[in-house]
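# Here is my input, please return the structure:
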Amino acid sequence: MTALNDAPFALLHFYATSPYPCSYLGERQARSQVASPSHVIDTQLYGELVKSGFRRSGIFTYRPWCDACRACVPVRLDVARFRATRSQRRAQMRHAGLEVRQLPLFFEEEHYQLYQRYQAARHSGGGMDQDSREQYAHFLLQSHVDTVLVEFREEGALRMVSVIDVLPDGLSSVYTFYDPDVPTASYGTASILWQVEQCRAYGLPWLYLGYWIKESPKMSYKSRFHPLQGRIRGMWRDLTPADTDAGQSP
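Model (predicted):
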């Protein structure tokens, strides 16, 4: 267990987990560095941790800490410089009629059923498709920071739910799940574009998008948003086409 003495982390301890199977890269083993105790991590402190490459799952705050792999890159979108591509603008227009409601964190059976359908369709066999109501709530509805749950409906039908942390310097996209049975939809893209507009409305410079892994097809959508910054060797910098092209290492 390690303690960091840098102010804002003076109250925290950091420990590495035992190895566990990587969820993204085949047969690799992963480890995480966990910040503890969780009850002292408020919005301000969590914002500093996010800038240092951490993110959270429920009240569990962590960052990748693998022994021989650096594939997970924390990424964030520079809101001021972002310009949507033509296909992204088409997705935004296609879903311009979505009705949006920002809500506090609460359990709603309709949300859980959509989550189950999404996991079964998009991440079958990944473990989360078997999440119970309690596991779902622990993952998305527990937070010690400023968090909102956002509903997106179309003519009353629930189409998408996003959980978003509101940090001092940006929004952090925790998780988004959506209706997998609308073949022409681009709900994931629409959600990110909506979050970009929220950052601009509140004067926040960054949209934090979690981790990006070049070798993971599930993560490829993040590299379609520019300019995307990655935290590499302890510093944030713009990712170049060479970084995001297959076969190159950032």
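# ok, longest strand in this protein?
With secondary structure taken from DSSP state E, the chain has its longest strand at strand 157-167.
# Listing partners with orientation, what would you give for that one?
Here strand 157-167 has these sheet partners by DSSP bridges: strand 147-154 (antiparallel), strand 170-178 (antiparallel).
# Just send the ones you listed back as a markdown table, with distance to Arg94 and mean pLDDT too.
For the C-beta atoms, the positions are set from N, CA and C on the backbone; glycine is no exception. As requested, the strands paired with strand 157-167 are exported to a markdown table (distance: least, C-beta to C-beta, whole Å; pLDDT from 0 to 100):
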| stretch | distance to Arg94 | mean pLDDT |
| --- | --- | --- |
| strand 147-154 | 11 | 98 |
| strand 170-178 | 13 | 98 |
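# For Ser23, find the nearest of those strands.
The closest of these to Ser23 is strand 170-178. By C-beta to C-beta, the value is 13.7 Å.
# domains for the protein, by residue range?
2-71, 75-244 (automatic domain parsing).
# Can you add mean neighbour count and give those back as a markdown table?
Output for these, formatted as a markdown table (neighbours: other C-beta atoms under 10 Å):
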| stretch | mean neighbour count |
| --- | --- |
| domain 2-71 | 15 |
| domain 75-244 | 16 |
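# now the angle between strand 157-167 and the longest helix seen in the chain, please.
Across the chain, the helix with the greatest residue count (assigned by DSSP state H) is helix 187-202. Using axes from the mean of the first three to the mean of the last three C-alpha atoms, to 10 degrees, the direction of helix 187-202 lies 40 degrees away from that of strand 157-167.
# Check which helices and strands helix 187-202 sits against.
Secondary-structure packing of helix 187-202 (3 or more C-beta pairs under 8 Å, 6 or more residues apart in numbering; DSSP states H and E): helix 86-94, strand 147-154, strand 157-167, strand 170-178, strand 206-212.
# repeat that for 10 Å
strand 73-78, helix 86-94, strand 99-103, strand 147-154, strand 157-167, strand 170-178, strand 206-212 (3 or more C-beta pairs under 10 Å, 6 or more residues apart in numbering; DSSP states H and E).
# which stretch among the strands paired with strand 157-167 comes nearest Trp212?
strand 170-178 (12.1 Å).
# Point out where the protein drops to low pLDDT.
Along the chain, the model assigns pLDDT under 70 to residues 1-7, 125-127, 129, 246-250.
# Without its sequence neighbours, what residue ends up closest to Arg133?
Tyr112 (5.8 Å; C-beta to C-beta, 6 or more residues apart in numbering).
# got the contact list for the helix or strand hosting the one you found?
Secondary structure from DSSP states H and E places Tyr112 in helix 109-122. For helix 109-122, contacts defined as C-beta atoms under 10 Å, 6 or more residues apart in numbering pick out 103, 108, 125-133, 136-137, 139-141, 149, 151, 157-161, 163, 175-181, 187-188, 218.
# again, only using 6 Å
With C-beta atoms under 6 Å, 6 or more residues apart in numbering as the test, helix 109-122 has contacts from Met128, Asp129, Arg133, Tyr136, Leu158, Val161, Phe177, Pro180.
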